[in-house]
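A.B. asks: Make a model of this:
(chains A, B, C and D)
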Number of protein chains: 2
Amino acid sequence: MQDASIEKNYRAYLAGNGMLFTKERAVILSSVLSREDHFSADDLLFHMRQEGLEVSRATLYRNLKLLSQANLLVEVDFGHGHIHYEKCIGTAPHEHLVCKACGTVIEVNTSKFSEAVEKVATQAGFMVDHHQLKIFGTCQKCQAGKAEKTNP
Amino acid sequence: MQDASIEKNYRAYLAGNGMLFTKERAVILSSVLSREDHFSADDLLFHMRQEGLEVSRATLYRNLKLLSQANLLVEVDFGHGHIHYEKCIGTAPHEHLVCKACGTVIEVNTSKFSEAVEKVATQAGFMVDHHQLKIFGTCQKCQAGKAEKTNP
DNA sequence: TTAAGTGCAAACCTTTTGCACACCC
DNA sequence: GGGTGTGCAAAAGGTTTGCACTTAA
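C.D. replies: Below you'll find the model as predicted:
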């Protein structure tokens, strides 16, 4: 889906819920759509400020929550002490490998799990919205003892 | 594994790292081992106090982290704003279904995923320690519209 | 004896909230 | 115009930390 049509959908979502499409929402939406990685609220704020786009921290948090509710973002937690966000649209289904030694998050493209997830949940009468598989362990670099600690 | 032998292992782990086996550590270990569910630091503290077992909050946090490092606990995050802990030993492999409406966490016993997880990770040169699959959606009760909001 | 651990209280950090003002439709 | 959103600053809530005191080995 193109960004323009995502914005159109978002406007419709907002209107349908009696909410306004403000300039702050426009700016936040386009900043979010421009990111390919997973990011924290702080990351995003930092990058927005670098580009001269000013929104308050409170507004950003309020809107990240809203975008999650609108299914444009998912919240992910890598145990780094804060929430990470990830675009839903234009992102291939993938899972995360989290290195306990250096903190790196590796994405693995796979759709194998999705059907298994669906099956298991359905057996419990559960209606699936989305899932998160996180695999914790040690990345290749750290196994070789040559990674520098990053803390994304 | 019996609790006694777990304690023995833990003592060995501590000794091997130049750490002491204090009475606080003994009390926390046995409290943790007595729990079958997932619990927050605060849950545990509350229950310990009900049983007249006093440790300070700081000590509890320090020791929960230590128990995780010793692979006796895993940290899980259900997006409830705080970490949950879960015993590693004596717990069947299972995954979590988290209801977005009422917050309930349902456990689903399955070992199907483990081999798939292993395979995917190995292809990325990743050494698996443990994994967490969380499935977000709506539980049966909430689909029927008859759940009262709990926030575990 | 002495290095390691504990308790306390204060600090931290991310996220949320109350309120007055601003803005979208 | 009227209700929705924003910014600010303060609060909240879970978790961590500095420091003096205690304790295991």
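A.B. asks: Counting neighbours, what do you get for A:Ser34?
C.D. replies: 11 (other C-beta atoms under 10 Å in any protein chain shown). Glycine gets a C-beta too; all of them are placed from N, C-alpha and C.
A.B. asks: Likewise for the one 5 residues further on?
C.D. replies: Other residues near A:Phe39 number 22, with proximity taken as other C-beta under 10 Å.
A.B. asks: same deal with A:Lys87?
C.D. replies: Look at A:Lys87: counted by other C-beta under 10 Å, it has 19 neighbours.
A.B. asks: Equivalent analysis for A:Thr22, please.
C.D. replies: Other residues lying near A:Thr22 total 13 when counted by other C-beta under 10 Å.
A.B. asks: give me phi/psi at it?
C.D. replies: As for A:Thr22, its main-chain torsions (degrees, to the nearest 10) stand at phi -90, psi 170.
A.B. asks: Check the gap between it and A:Val55 for me.
C.D. replies: 10 Å (C-beta to C-beta, to the nearest Å).
A.B. asks: Also A:Gln2?
C.D. replies: 24 Å.
A.B. asks: neighbour count winner among these two?
C.D. replies: A:Val55 (20 against 10).
A.B. asks: Now do the contacts for the nearest residue to that one once chain neighbours are set aside.
C.D. replies: Nearest residue to A:Val55 in three dimensions, chain neighbours excluded: A:Glu24, at 5.0 Å (C-beta to C-beta, 6 or more residues apart in numbering or on different chains). With contact taken as C-beta atoms under 8 Å, 6 or more residues apart in numbering or on different chains, A:Glu24 is in contact with A:Val55, A:Thr59, A:Asn63.
A.B. asks: So which of these belong to helices?
C.D. replies: A:Thr59, A:Asn63 (DSSP state H).
A.B. asks: Can you lay out the contacts of A:Glu24 as TSV showing pLDDT?
C.D. replies: Below are the contacts of A:Glu24 laid out as TSV (pLDDT from 0 to 100):
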residue	pLDDT
A:Val55	96
A:Thr59	98
A:Asn63	98
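A.B. asks: pLDDT at A:Pro152, what is it?
C.D. replies: Per-residue pLDDT puts A:Pro152 at 40.
A.B. asks: can you check A:Gln143 too?
C.D. replies: pLDDT recorded at A:Gln143 is 74.
A.B. asks: do the one 3 residues further on as well
C.D. replies: At A:Lys146 the predicted local confidence, pLDDT, stands at 52.
A.B. asks: any idea how far A:Phe2 lies from A:Glu54?
C.D. replies: Heads up, residue A:2 is Gln, not Phe. In this view, A:Gln2 and A:Glu54 are 26 Å apart by C-beta to C-beta.
A.B. asks: cool, and A:Lys134?
C.D. replies: Distance of A:Lys134 to A:Glu54, computed by C-beta to C-beta: 34 Å.
A.B. asks: Compare neighbour counts for these two and give me the winner.
C.D. replies: Using other C-beta under 10 Å, the more surrounded residue of A:Lys134 and A:Glu54 is A:Lys134, with 21 against 11.
A.B. asks: Without its sequence neighbours, what residue ends up closest to A:Arg25?
C.D. replies: Using C-beta to C-beta, 6+ apart, the closest residue to A:Arg25 is A:Asn63 (6.1 Å).
A.B. asks: who's in contact with that neighbour?
C.D. replies: Residues in contact with A:Asn63 (C-beta under 8 Å, 6+ apart) are A:Glu24, A:Arg25, A:Ile28, A:Val55.
A.B. asks: Flag every residue of chain A that's near DNA strand C.
C.D. replies: By C-beta under 7 Å from any atom of the strand, the part of chain A that sits against DNA strand C consists of A:20-23, A:40-42, A:57-58, A:61-62, A:65, A:81-83.
A.B. asks: I'd like to know which of those residues is nearest to B:Leu72.
C.D. replies: A:Gly81 (21.8 Å; C-beta to C-beta).
A.B. asks: ok, the closest one to B:Ile83 distance?
C.D. replies: 10 Å.
A.B. asks: Just want to know which of those two has more residues nearby.
C.D. replies: Each of A:Gly81 and B:Ile83 has its neighbours counted (other C-beta under 10 Å); B:Ile83 has more, 20 against 9.
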